[in-house]
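Visitor: got a predicted model here, sequence first, then my questions.
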Amino acid sequence: MPNNIQAELSHKFTLRIIEIVFTTIVLSLIFRPFFIDLPIYFLLIGIADLFLMTGFYFIVRLNLLPKWEITLSLLIALIIILPTLAISGGVNSQMVYFLPLYPILAALLGGHRESLALTVTLVAGTILATIFSEYIVDLTGGVYSKEMSTARGFWLTISIILSAFFGHFFLQRYTEVTKQLKEENTLDPLTGLLNRRGLNTHFSKELEETEITSSPLSLILIDIDYFKKINDRYGHDVGDICLIEVANVLSSTLRKRDIIARFGGEEFIIILPSTTKNQAALIADDLKNVISKQKFSDFNLPITITLGVTDSRGQHDNALKMIKRADKALYRGKDKGRNCVELSE
Ligand SMILES: Nc1nc2c(ncn2[C@@H]2O[C@H](COP(=O)(O)OP(=O)(O)OP(=O)(O)O)[C@@H](O)[C@H]2O)c(=O)[nH]1
């Protein structure tokens, strides 16, 4: 099975697990009073928990709030959980069965720090509740021996800590898979440059920045000349090597903050932030010369490129219009005999 499909399946699997955990908790909290014959106000607590959990879920899934607000929500949850626990019988209450799930939730919703904070608080709460279990009023009227409270407190502490570890590894794996998927979605597998999707994201950000700061932004569209001949004469694999090597030359010649993407088969796009059209024309000329002086693949093949240059033109301009202008200039260059730089009108 190809790696990216495996990663995607694993990502979907992770999301399903999160959803199952959520649904289980929410349903257990809601129906708890019916199963264990608790007073009706426990149902209200269950409904409040339901709102809290669904709230968290949407806050995270829809990226509604910055991280510190998620931390705050977790704190509010704690403020609700611990007193509920206290009035329902401390470590002897039925509610403790759900406590070990909270560190996992905190890890998935907030992050490692949030999970650690919640774990420490829950463990401290459990130890206090165990010590003071004789004085905690159980509203269900239950009477528990000191030994039983101590045993429950002990196992509860162990399960909270285990759950925190599980949450930690679960989050680590989730972060890895998401990062891997993101990279696979935005990078061209052959050259390692950005693909069209990656380009779109970075290009839009740069255009927004340009509008805010009123700084110039230029674009160079590059097409390798007579590339079909290389493929036809030496084979597709040699063509691939030439593409990789051209991509490497572009990357090593340009600045770190320039954006380089493979736009199509043998076409590349370069976005140059804080660069005027005249400066971009000089850079394009440089690239043309560097490429034409090098030899590519084991066959030492000469390669030339044709380049179309344009710049952004304020509010009414957009990525598509810029690419179209550069493309027009590039095809003028092809008509003029290739291996040259053409500026848009
Ligand atoms: N090896 C290889 N070839 C590719 C890839 N993608 C596109 N191509 C080839 O790139 C060639 C593009 O050919 P054309 O569009 O005719 O252009 P050209 O031969 O470069 O001629 P001009 O652009 O007019 O100078 C085609 O032969 C495609 O098969 C790829 O990923 N690897």
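Guide: Sure, I can see it.

Visitor: from now on I want contacts and neighbour counts done on CA atoms only, so please keep to that.
Guide: Fine.

Visitor: near the ligand, which residues of the protein?
Guide: 224-229, 231, 236-237, 239-240, 265-266 (Cα under 6 Å from any ligand atom).

Visitor: from the residues you listed, which land in strands?
Guide: Ile224 (DSSP state E).

Visitor: list the contacts of the residue of the stretch 51-200 of the chain found nearest the ligand.
Guide: Nearest residue of the stretch 51-200 of the chain to the ligand: Leu190, at 7.3 Å (Cα to the nearest ligand atom). Neighbouring residues of Leu190 by Cα atoms under 8 Å, 6 or more residues apart in numbering: Asp240, Ile244.

Visitor: any stretches of the stretch 151-300 of the chain with poor pLDDT?
Guide: Within the stretch 151-300 of the chain, no stretch has pLDDT under 70.

Visitor: for the residue of the stretch 51-200 of the chain closest to the ligand, helix, strand, or coil?
Guide: coil (DSSP: H, G, I helix; E, B strand; the rest coil).

Visitor: related to what we said a few turns ago, which of the residues of the chain next to the ligand are buried?
Guide: Ile224, Asp225, Phe227, Gly239, Asp240, Glu266 (16 or more other Cα atoms under 10 Å).

Visitor: put together a markdown table for these, with distance to Val91 on each row.
Guide: Converted to a markdown table, these look like this (distance: Cα to Cα, whole Å):
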| residue | distance to Val91 |
| --- | --- |
| Ile224 | 72 |
| Asp225 | 75 |
| Phe227 | 73 |
| Gly239 | 69 |
| Asp240 | 65 |
| Glu266 | 67 |
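
Visitor: ok, which pair from the residues you listed is furthest apart?
Guide: Using Cα to Cα, the two most remote members of those are Asp225 and Asp240, lying 14.7 Å apart.

Visitor: where along the stretch 151-300 of the chain do the strands fall?
Guide: 217-224, 259-262, 267-273, 295-296 (DSSP state E, counting those that start in this stretch).

Visitor: okay, the ones you listed in a markdown table with distance to Thr157 next?
Guide: As requested, the strands of the stretch 151-300 of the chain are exported to a markdown table (distance: least, Cα to Cα, whole Å):
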| stretch | distance to Thr157 |
| --- | --- |
| strand 217-224 | 58 |
| strand 259-262 | 51 |
| strand 267-273 | 55 |
| strand 295-296 | 64 |
